[in-house]
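1. structure, please.
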Amino acid sequence: MTRTSFQEEDLRKDTPKAIPIAREKTEEEPLTKYDKLKKFLVDVYAVREIPTTLVGGFITLFVILATLAYLAVILYQTLTAPLLQTASLYWTIGAGPFPAQLVCTAYDGCYVSNLLSVEWATGIALSVEPAQRQCMFMSYGQTYTFNITFSNSPLDGLQVIYNGTNVDTSKVPAGFGALINSQANCFGEGLGPPECVNGVQIVPSPVGPGFTLLTYVETHNLTISNGPASLRREWFLGKFSNESVVVPGSTPCLSTLSQSLLTDLNMVQARLRFNTFYTVQTVSKSNLFLVVFGSVGGAYSLFIQFGSVVISLMSIWIVISAKTQVIKEKVVRSLTLPLSMRRPSLRGNKVMVHDESDLMEKGNGHDDADKEEIEFQRYLSQTSKNTNQNSKEIASTAASTVGGIGVN
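-> Purely as a prediction, here's the structure:
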């Protein structure tokens, strides 16, 4: 064995083992059960540089199952979630008109007017019917829809004059002579009239003597394509004063009614003034399309990124394991090197071995770990002998040649 062979063997020992990579099977090679399984796996992490792997396939399967589970949860929550309700406030000045259904509940009838001053109610006052701006007489039980708009004048607005002692107390409290109907959502029996038609329940609010503030709420139900329930108008009344006398200048009925009727102490006036703002409420459902392609799509991307992190950590772990194995092997070899590398060796002391007896003598007392060193010394001894023999032959030849030249 030559010295070169020792170096080559050391290089082979120090070379780290290559990490096996996946390769495609040729047509002649039989497919294993794992190769057949990979054909049915969808690996979203497989690119041209990285072929399909079992790890990537199983993580992809986990991502798909997790996304489907998340989709099922989102669909259940969306379908069972309550309707979305949003409310927006708007100024009433310059808006409208808004319809309000008034019902007279006084047995003697009601004198009603909806006077609006153009200089105080902006141009929207012109949308009120001319008949409403005059003094109208409504008989008991009669219904009429008035156009309600805002006016900066406290004397403008809907005015009702009636006999407060002769009212239908089965429909209104004592002293109240009219009702304003609202289209409310059906909320069942026990909280008012049980009549519910096409998703709408008519809820009346009594109108009494004095000053009352009207608040308007308009509800758009986008979950219903058509019908009364798709647009509901509700009025909420807040009574502020019980002043029942007829206010001068508040109604054109003062100039049409007889003086004896106006001076009757039983005749009272209800003044209804529109609030400065109104509310528009919208009822809708969650957009299922946006939920599926928004929330679920984001969850799928998150699961994909999580799988990428897992694969990256596994790759790092494999590389670290391979490097650790190489280092471990080097450490083991360093601990098991021949004794000649751990103490003064034959080469370290420059001991030359010239013959077999000397080599055997030097070899006695060494353990098996020094066999390679002894073999190398045998090689050096044989090489030295051959070199000396060749030197003698060359010297003899050279002497003969010089002698021949001198004789001639």
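
2. could you pull up the mean pLDDT of stretch 67-87?
-> Per-residue pLDDT values across stretch 67-87 average out to 82.

3. that one: which residues count as buried?
-> Judged by neighbour count using 16 or more other Cβ atoms under 10 Å, the buried positions of stretch 67-87 are 67, 70-71, 74. The way it works is simple: take the backbone N, C-alpha and C, and place the C-beta from them, glycine included.

4. mean confidence (pLDDT) on stretch 296-310, please.
-> Here the average pLDDT along stretch 296-310 is 81.

5. so for that stretch, what gets flagged as buried?
-> 296, 299-300, 303-304, 307.

6. sorry, back to before: now distance to Pro97 and secondary structure too, for the buried residues of stretch 67-87, in a markdown table please.
-> A markdown table is the format used below for the buried residues of stretch 67-87 (distance: Cβ to Cβ, whole Å; DSSP: H, G, I helix; E, B strand; the rest coil):
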| residue | distance to Pro97 | secondary structure |
| --- | --- | --- |
| Thr67 | 53 | helix |
| Tyr70 | 50 | helix |
| Leu71 | 48 | helix |
| Ile74 | 44 | helix |
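
7. so, low pLDDT: which residues of the chain?
-> Of all residues in the chain, those with pLDDT under 70 make up the ranges 1-29, 34, 36, 38-51, 125, 187-194, 335-408.

8. would you state the helices of the stretch 101-250 of the chain in chain order?
-> Using DSSP state H, counting those that start in this stretch, the helices of the stretch 101-250 of the chain run over residues 118-121.

9. please enumerate the strands of it.
-> For the stretch 101-250 of the chain, strands defined by DSSP state E, counting those that start in this stretch occupy the ranges 110-115, 136-138, 143-148, 157-163, 178-185, 200-207, 210-221, 231-241.

10. of the ones you listed, which approaches Lys285 most closely?
-> Checking the strands of the stretch 101-250 of the chain against Lys285 by Cβ to Cβ gives strand 210-221 as the closest, at 10.4 Å.

11. surely Ser315 forms part of a helix?
-> Yes - counting by DSSP: H, G, I helix; E, B strand; the rest coil, Ser315 is located in a helix.

12. and it, how close does it get to Gly57?
-> Ser315 sits at a distance of 16 Å from Gly57 (criterion: Cβ to Cβ, to the nearest Å).

13. neighbour count winner among these two?
-> In terms of neighbours (other Cβ atoms under 10 Å), Gly57 is the more surrounded of Ser315 and Gly57; the figures are 19 against 13.

14. quick one, phi psi at the more buried one?
-> phi -70, psi -40 (degrees, to the nearest 10).

15. for the remainder of this discussion, apply numbering that starts at 21.
-> Shifting the count to begin at 21 puts that one at Gly77.

16. what's the distance between it and Phe326?
-> 16 Å.

17. so which of the buried residues of stretch 316-330 are in helices?
-> 319-320, 323-324, 327 (DSSP state H).

18. what's the span of stretch 184-191, first residue to last?
-> Using Cα to Cα, to the nearest Å, the end-to-end distance of stretch 184-191 comes to 14 Å.

19. now that stretch: buried residues?
-> If you call a residue buried by 16+ other Cβ under 10 Å, then stretch 184-191 has these buried ones: 184-185, 187.

20. list just the nearest of these to Thr106.
-> Distance to Thr106, by Cβ to Cβ, is smallest for Val187 among these, at 39.7 Å.

21. residue contacts, the closest residue to Leu104 other than its chain neighbours?
-> Of all residues not flanking Leu104 in the chain, Ser304 sits nearest, at 5.0 Å (Cβ to Cβ, 6 or more residues apart in numbering). Counting by Cβ atoms under 8 Å, 6 or more residues apart in numbering, Ser304 makes contact with 103-104, 106, 242-243.

22. phi, psi of Ser304?
-> Torsion angles, degrees, to the nearest 10, at Ser304: phi -150, psi 170.

23. so it versus Arg253, what's the distance?
-> When distances are taken as Cβ to Cβ, Ser304 and Arg253 turn out to be 19 Å apart.

24. now Val192. Nearest residue, chain neighbours left out?
-> Spatially, and ignoring its direct neighbours in sequence, Val192 is nearest to Pro226 (4.3 Å; Cβ to Cβ, 6+ apart).

25. ugh, wrong one, I meant Ser202
-> With Cβ to Cβ, 6+ apart as the measure, Glu254 is the residue that lies nearest to Ser202, at 4.1 Å, once sequence neighbours are left out.

26. hang on, the one you found packs against Tyr236?
-> Yes - between Glu254 and Tyr236 there is a contact at 7.5 Å, judged by Cβ atoms under 8 Å.

27. who has more neighbours, those two?
-> Summary of the neighbour comparison: Glu254 and Tyr236, criterion other Cβ under 10 Å, with Tyr236 having more neighbours (24 against 19).

28. my guess is Gln203 meets Ser250, correct?
-> No - Gln203 is beyond contact range of Ser250, at 10.7 Å (criterion: Cβ under 8 Å).
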